[in-house]
Structure formats: structure tokens, C-alpha cells
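*Asks:* sequence unknown, structure follows:
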Ligand SMILES: [Mg+2]
């Protein structure tokens, strides 16, 4: 299973990649903003998107809206990872059809759970 991890912070990319690796997910492509991510999505096969919200150029909510309005990408599970815990943010993400929402900081168990829930919701098998 191939992940696309989108975050503008190197530290977050490194930490999240390590957590994914500990969870057994080693196929991870990274992007620094939504625009880069959207280009990668249109080029190749991605099975799961994990995206930060706050990023320059194109942020996570804009990426989410683009992905969910692109028929060939809409079925890819989308996990939004953000420090924004305000209700309005969560509602905005849900309205944009986010599959799962994870508030930073998170641990391995939380990320693993959210990935499992997103895959279950999309009717996909874990692993
Ligand atoms: Mg950020």
C-alpha cells in the first residue's frame, strides 16, 4: 500500500514516516504542499493520503476539495492531520468529505487507528 504524505515541515514528515514505518507501512511518497501532492496523485498510484492542513501554495483543505472532486481520486482515503481542533475546522473538513481527522500531536496507536478506520470506511482491507 502506497502512502502520499503531505506536510510543509521536514520534522513532521520525518516523524510521521517513522510512525508509518513502525506500523508496517514503508511505501511512502512525500510532498511539501497540496499542489505538489495533486501532481503526484495525477501521475501515479496512491492508495492513501495523509495531509497536513496548514501549508503554503495549496493547503490541506484545498487539496482535499480537489481530490474529492476528481472522480479518479475521490475514492482514495484522505486523512487530515492538523493542530486545528476547533469545531469549525473539523466541520469544514467533514463537509469537504474528509475520511478521517487526526489532531496533532498524535502517537502511533492513534495514527494506526485512524488509518484502519479510513480503510474500513472505504471498504478496503488493511495492509
Ligand atoms: Mg504545516
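*Replies:* Okay, I see it. Everything numeric here is computed off the predicted structure, so don't read it as measured data.

*Asks:* tell me which element residue 40 falls in.
*Replies:* helix 34-43 (DSSP states H and E).

*Asks:* Please list the residues outside that helix that contact it.
*Replies:* By CB atoms under 8 Å, 6 or more residues apart in numbering, the surrounding residues in contact with helix 34-43 are 4, 6, 29, 31, 46, 49, 51, 55, 57-60, 62-63, 66-67, 70, 73, 76. No exception for glycine: its C-beta is placed from N, CA and C like everyone else's.

*Asks:* same thing but at 7 Å, please
*Replies:* Contacting residues not belonging to helix 34-43 are listed as 4, 6, 29, 31, 46, 51, 55, 57-60, 62-63, 66-67, 73 [CB atoms under 7 Å, 6 or more residues apart in numbering].

*Asks:* cool, and stretch 8-24?
*Replies:* Contacts for stretch 8-24 (CB under 7 Å, 6+ apart): 3, 5, 7, 28, 30, 32-33, 50, 52, 55-56, 108, 111-112.
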